[in-house]
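Undergrad: structure of the sequence below:
(2 chains)
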There are 2 protein chains.
Amino acid sequence: MAVVFPRFLNSPLPSSFSPPSPRPQIFASSSPMDVTPRKYTDFPFVSAPHRNLMVDLVSTMENRLHSQLKPCVVPSDVQYYYTPNRDSHGSLYIRSGHTSSQVDFVLGSWIHCKLPTGGALNISSLSAYLNASTDAPNFLIELIQNSPTSLVFLLDLPPRKDLVLHPEYLQTFYENTRLESLRQTLEKLPEVQPYYSSALYIRCLTSPTSIMIRINTEGGGAGRMEEIIKDHVDPVAKEVLGIWLEQCACGHRTVDEEGKAYLERRDGLIKNKTIEIDIGSSFPRLFGPDIAGRVLEVIREVYNG
Amino acid sequence: MAVVFPRFLNSPLPSSFSPPSPRPQIFASSSPMDVTPRKYTDFPFVSAPHRNLMVDLVSTMENRLHSQLKPCVVPSDVQYYYTPNRDSHGSLYIRSGHTSSQVDFVLGSWIHCKLPTGGALNISSLSAYLNASTDAPNFLIELIQNSPTSLVFLLDLPPRKDLVLHPEYLQTFYENTRLESLRQTLEKLPEVQPYYSSALYIRCLTSPTSIMIRINTEGGGAGRMEEIIKDHVDPVAKEVLGIWLEQCACGHRTVDEEGKAYLERRDGLIKNKTIEIDIGSSFPRLFGPDIAGRVLEVIREVYNG
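TA: Numbers count the residues shown, from 1 in each chain, chains lettered A, B, ... in the order given. Down below sits the predicted model:
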């Protein structure tokens, strides 16, 4: 699914908001101008419960998959990048799986952009893609915050087969797990509304138990948002990651040659469409064509790997 | 999709509610006991805006598809059926398409059941299935009302292909039409909440622009519900039917032999799963095993036809 996710927001930025012209430069984190080098696991600029959740998820995933993952070899100017005026910062983290692993790669990203309104847009995401040796679902989490009282939260195990044609797959991964009951837990909160991606293709990628919600705490303020993240979003996200690690990443599935070819075709199409939707959208607008191009080249490489 | 739809409701009936025992009999509409023979297009027991909408939809569909449809040959004791104590009534209407038509069949159903709470459950539905000479989407509308101030409304053109693998199909029928904007029209009403079918398989059958909502007008009463049906539900439903008639039922699509085989397999699986979900659920509970069995036999026949 999406990597850099502003597309999920319905017009997060006024059209007058554009990166500094004419051509923003990329500063490596070793640049003398860079006094605050950042890495993916820093999750700066966000509240403590938001940061703690993401740090815990990354560390749980790394600990469980440890020996299956290669080190992160993303170039330093893509591991951390920012526009010259420092209004927009981002970080990318990728660890590919070893040949013997079912994990294709794990990909994390955060973005922080000052908004012309005075606020900021913060997007934290972590996704994990499996390879064609298994047909088990992938993992995706994203927190998109454009004010302290507004959060779009996406959490899903996106299926890798047409669930209409494969009811036994639906049963194994969705009906026989706690995913639906976890979805309902969040749905019940009065601050929660459903969230619809403006891209219909992105909607098609989700499972029937996907959590795609907008949380609005304007009445209760930023404190209530932090409380919701800590008490509700955090435990649900950790339980969903646990289900994915046990039953998907580390479970065993038999896939024949025909099934492998199908998965490779479907996974490949999803990755290409996802990048196309993102590239055509707001990422170049947030970081300018040079930085966007450089980051997307790295993503394309691991996607087509 | 579903034919008799109580399954869409999360426990519409208390478990103590069951049809009169020991074995309810079927009374043909010609029975001397039957002083109120009913037909599908009567839509009795519901408000005028609800009835007008359904009557208009059936008549629009019949007028547009006129020469393509065979007459309804459903046996009279299935065209209209009820339990001996007359607490539960139902009607079924089916018109198959001629061999030269792209329409497989049109199926309508209404159900009225007194609830032990004193209220009543009313379900009106109309669906249309295309055959494998085209891969265009089907049509489905359902209104499920278990009180004058509460309505579950489902309206969709369920896709007949995996949209993830066929983005051009998504574009033709969903991105290039007004379906998403029609969905948003209803979503904006303050009385509207999203509706999730308790059956995950049913959720998988819907398109990304499907309307699956619960309308609650407890504050505004039954009058406000009638107003919403007349001013919002009615025009949206008619526009969606118009899109389906022009672009799906009467549009031209090229399907090769492999495509036909795929559609037959997928359509068949959906019909079988849908009946299975309904049979295992509340239909026999509402009408008893005899009536439910007789009605479902007719449906199975046309589904497998």
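
Undergrad: please make it C-alpha for all contacts and neighbour counts, starting now.
TA: Will do.

Undergrad: show me the contacts for A:Met54.
TA: A:Thr41, A:Phe43, A:Ser124 (CA atoms under 8 Å, 6 or more residues apart in numbering or on different chains).

Undergrad: of the residues you listed, closest to B:His66?
TA: Of all these, B:His66 sits closest to A:Ser124, with 55.1 Å by CA to CA.

Undergrad: the closest one contacts A:Phe43, correct?
TA: Yes. With contact defined as CA atoms under 8 Å, A:Ser124 counts as touching A:Phe43 (7.5 Å).

Undergrad: pull up the overlap in contacts between the two.
TA: By CA under 8 Å, 6+ apart, the residues touching both A:Ser124 and A:Phe43 are A:Met54, A:Trp110.

Undergrad: quick one: name the residues of the stretch 101-250 of chain A near chain B.
TA: Proximity of the stretch 101-250 of chain A to chain B (CA under 8 Å from any CA of the partner chain) is limited to residues A:162-165, A:167, A:170, A:175, A:194, A:200-201, A:203-205, A:207-209.

Undergrad: just these now: which is nearest A:Arg265?
TA: A:Asp162 (12.8 Å).

Undergrad: roughly how far does the spatially closest residue to A:Pro137 that is not a sequence neighbour sit from A:Glu276?
TA: Distances taken as CA to CA, 6 or more residues apart in numbering or on different chains place A:Pro159 nearest to A:Pro137, at 4.6 Å, with adjacent residues excluded. Counting by CA to CA, to the nearest Å, the gap from A:Pro159 to A:Glu276 is 20 Å.

Undergrad: how about A:Asn122?
TA: In terms of CA to CA, A:Asn122 sits 22 Å off from A:Glu276.

Undergrad: and these two? Which one has more around it.
TA: A:Asn122 (25 against 12; other CA atoms under 10 Å in any protein chain shown).

Undergrad: helix/strand/coil for the more buried one?
TA: At A:Asn122 the chain is in strand, as set by DSSP: H, G, I helix; E, B strand; the rest coil.

Undergrad: got the contact list for A:Thr177?
TA: Counted by CA under 8 Å, 6+ apart, A:Thr177 has contacts A:Ile243.

Undergrad: one step back: and the residues of the stretch 101-250 of chain A next to chain B, which two are the farthest apart?
TA: Using CA to CA, these span at most 26.7 Å, a distance reached by A:Leu165 and A:Pro194.

Undergrad: now A:Arg64, nearest residue through space, not along the chain?
TA: Using CA to CA, 6+ apart, the closest residue to A:Arg64 is A:Leu245 (7.5 Å).

Undergrad: count of neighbours near that neighbour?
TA: Neighbours of A:Leu245 (other CA under 10 Å): 18.

Undergrad: repeat that for A:Ile111.
TA: Quick note: A:Ile111 (other CA under 10 Å) scores 28 neighbours.

Undergrad: try A:Ala222
TA: A:Ala222 is flanked by 17 other residues according to other CA under 10 Å.

Undergrad: assign it to helix, strand or coil.
TA: helix.

Undergrad: ok so A:Ile141 is a strand residue?
TA: Yes. Counting by three-state DSSP, A:Ile141 is part of a strand.

Undergrad: ok, it to chain B distance?
TA: 20 Å (CA to the nearest CA, to the nearest Å).

Undergrad: could you look up the SS state of the spatially closest residue to that residue that is not a sequence neighbour?
TA: For A:Ile141, ignoring the flanking residues on the chain, the nearest one in space by CA to CA, 6+ apart is A:Leu155 at 4.5 Å. Following three-state DSSP, we place A:Leu155 in the strand state.

Undergrad: beta partners for A:Leu155?
TA: A:Leu155 has these beta-bridge partners by DSSP bridges: A:Ile141, A:Ile211.

Undergrad: was I right about it contacting A:Ser127?
TA: No. Look at A:Leu155 against A:Ser127 with CA under 8 Å: they stay out of range, at 9.7 Å.

Undergrad: spit out the residues that contact those two alike.
TA: What both A:Leu155 and A:Ser127 touch, as defined by CA under 8 Å, 6+ apart, is the set A:Phe139, A:Leu140, A:Ile141.

Undergrad: contact partners for the second one?
TA: A:Leu140 sits next to A:Met1, A:Ser125, A:Leu126, A:Ser127, A:Ala128, A:Leu154, A:Leu155, A:Asp156, A:Leu157, A:Pro158 when contact means CA under 8 Å, 6+ apart.

Undergrad: can you pull the pLDDT of A:Lys273?
TA: In this model, A:Lys273 is scored at 92, pLDDT.

Undergrad: one step back: more neighbours, A:Leu165 and A:Pro194?
TA: A:Leu165 (17 against 14).

Undergrad: chain neighbours aside, what residue packs nearest to that one?
TA: Using CA to CA, 6+ apart, the closest residue to A:Leu165 is B:Arg266 (6.3 Å).

Undergrad: count residues in the vicinity of the one you found, would you?
TA: By other CA under 10 Å, neighbour count at B:Arg266 equals 17.

Undergrad: thinking again about what came up before, neighbour-wise, which of A:Leu155 and A:Ser127 wins?
TA: Neighbour tally, A:Leu155 and A:Ser127, criterion other CA under 10 Å: the higher count belongs to A:Leu155, 26 against 22.

Undergrad: show me the contact partners of stretch A:180-189.
TA: Contacts of stretch A:180-189 (CA under 8 Å, 6+ apart): A:Tyr174, A:Val192, A:Gln193, A:Thr209, A:Ser210, A:Ile211, A:Ile213, A:His232, A:Val233, A:Val236.

Undergrad: circling back: now, the residues of the stretch 101-250 of chain A next to chain B that are in helices?
TA: Secondary structure from DSSP state H places A:Pro167, A:Leu170, A:Leu200, A:Tyr201, A:Arg203, A:Cys204 of these in helices.

Undergrad: any chance of CSV for the residues you listed, columns neighbour count and pLDDT?
TA: Listed next are those as CSV, based on neighbours: other CA atoms under 10 Å in any protein chain shown; pLDDT from 0 to 100:
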residue, neighbour count, pLDDT
A:Pro167, 17, 97
A:Leu170, 21, 98
A:Leu200, 19, 97
A:Tyr201, 22, 96
A:Arg203, 18, 97
A:Cys204, 21, 97
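
Undergrad: would you list every one of the helices in the stretch 201-305 of chain A?
TA: Ranges of helices within the stretch 201-305 of chain A are A:221-228, A:234-243, A:257-279, A:283-303, based on DSSP state H, counting those that start in this stretch.

Undergrad: give me the most central residue, chain A.
TA: Taking CA atoms, centre = their mean, the centroid of chain A lies closest to A:Ser125, which sits 3.1 Å from it.
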